[in-house]
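1. output the structure for:
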Amino acid sequence: MSEIENGFKKYIEHFGKEIVKNLDELNFYYKHEFLFFCEFGTIIYENLNCLLLGLYQASICMTNHLLERMLKYALINFEMRGCYIGNPAFNEKLNEGYRLYDNKSLNDNISAACKKGIITEEEGEKLKELKNQYRNPYSHATVKKIISGKPVLVKGMIGKFPVPGEESKPLKNIVIPSEILSEYYQADIAKKEAFPYFKIIYETMIAIDQRYQSYKE
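-> Predicted structure coming up:
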């Protein structure tokens, strides 16, 4: 068996186990269909595939994008309510919506969405909390914020056990900053928190979708 075939088999086995482990929990999200957010199919599908395959850090980055895109899309489209393609004012209103919201900060867009009734005040507070917990730290690679729940210092030992023909070094206790282990910590955090984070954003999208349908009726 060639090296490529061996590698292929290894990846199939690894990701196959992840799929079996995660598919049942994600099945609802694969099958759910949005009305208002119907254009978000590829973004959601890629994020779900990250969760399905155990690519949890990638999922958090995708959910960060989904959070911002969800709010901008909702604000722009709620601004255009009643104005559809074919309306002479469509292009002008669309451009105005992008001018108002596309370059605004996430914090400002959360506040604007609350004022317009797109999301509730409770949802807005939760989104601001998630912004500070995931979107800002992961988007800016702010390690201290990502691993803020981990110990500041980590105790361990360093040295070298005796090996024939090599000089041994006696073991000694050391204390190192947690940032040295940041990659391990970040992967561990993402594994536990990527799906709950995605779930909150998805449920907020469902709520917005339902409000939009109520408006249409």
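2. for residue 7, which three-state class applies?
-> Per DSSP: H, G, I helix; E, B strand; the rest coil, the secondary structure class of residue 7 is helix.
3. so who does it touch?
-> Listed by Cβ atoms under 8 Å, 6 or more residues apart in numbering, the contact set of residue 7 is empty. Just so you know, the C-beta spots here come from the backbone N, C-alpha and C atoms, and that holds for glycine as well.
4. same deal with residue 195?
-> Contacts of residue 195 (Cβ under 8 Å, 6+ apart): 25, 51, 56, 59.
5. so what's the first one closest to, chain neighbours aside?
-> The one in question is residue 25. Excluding the flanking residues, the one nearest residue 25 by Cβ to Cβ, 6 or more residues apart in numbering is residue 195, at 7.2 Å.
6. so which helix or strand takes in the one you found?
-> Using DSSP states H and E, residue 195 maps to helix 182-216.
7. give the rounded mean pLDDT of that helix.
-> What helix 182-216 shows for mean pLDDT is 91.
8. over to stretch 135-151?
-> The average pLDDT within stretch 135-151 is 87.
9. run through the strands of the protein in chain order.
-> Using DSSP state E, the strands of the chain run over 153-160, 169-177.
10. the last one: partners in the sheet, and parallel or antiparallel?
-> Think strand 169-177. Looking at strand 169-177 with DSSP bridges, its partner strands are strand 153-160 (antiparallel).
11. from residue 197, how far off is the closest residue to residue 54 other than its chain neighbours?
-> Nearest residue to residue 54 in three dimensions, chain neighbours excluded: residue 18, at 4.1 Å (Cβ to Cβ, 6+ apart). Residue 18 sits 18 Å away from residue 197, going by Cβ to Cβ, to the nearest Å.
12. got the contact list for the helix or strand bottoming out on mean pLDDT in the chain?
-> In the chain, the helix or strand scored least confidently by mean pLDDT, DSSP states H and E is strand 153-160, which has a mean of 72. By Cβ under 8 Å, 6+ apart, the residues outside strand 153-160 that reach it are 166-178, 180-181.
13. the same query, at a cut-off of 6 Å, please.
-> 168, 169, 170, 171, 172, 173, 174, 175, 176, 178 (Cβ atoms under 6 Å, 6 or more residues apart in numbering).
14. could you do stretch 201-217 as well?
-> 34, 35, 36, 37, 63, 66, 67, 70, 74, 118, 123.
15. just send those residues back as CSV, with distance to residue 6 too.
-> Converted to CSV, those look like this (distance: Cβ to Cβ, whole Å):
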residue, distance to residue 6
34, 42
35, 47
36, 47
37, 42
63, 34
66, 36
67, 40
70, 42
74, 48
118, 52
123, 49
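16. ok, which pair from the residues you listed is furthest apart?
-> Between any two of the contacts of stretch 201-217, the greatest separation by Cβ to Cβ is 21.1 Å, found for 35 and 63.
17. gap between the residue nearest to residue 25 and residue 70?
-> In this view, residue 195 and residue 70 are 17 Å apart by Cβ to Cβ.
18. go on, residue 11?
-> Distance, residue 11 to residue 70, by Cβ to Cβ: 32 Å.
19. the more surrounded of these two?
-> More neighbours surround residue 70 than the other of residue 11 and residue 70, with 25 against 11 (other Cβ atoms under 10 Å).
20. distance of that one relative to residue 14?
-> From residue 70 to residue 14 the distance is 32 Å (Cβ to Cβ).
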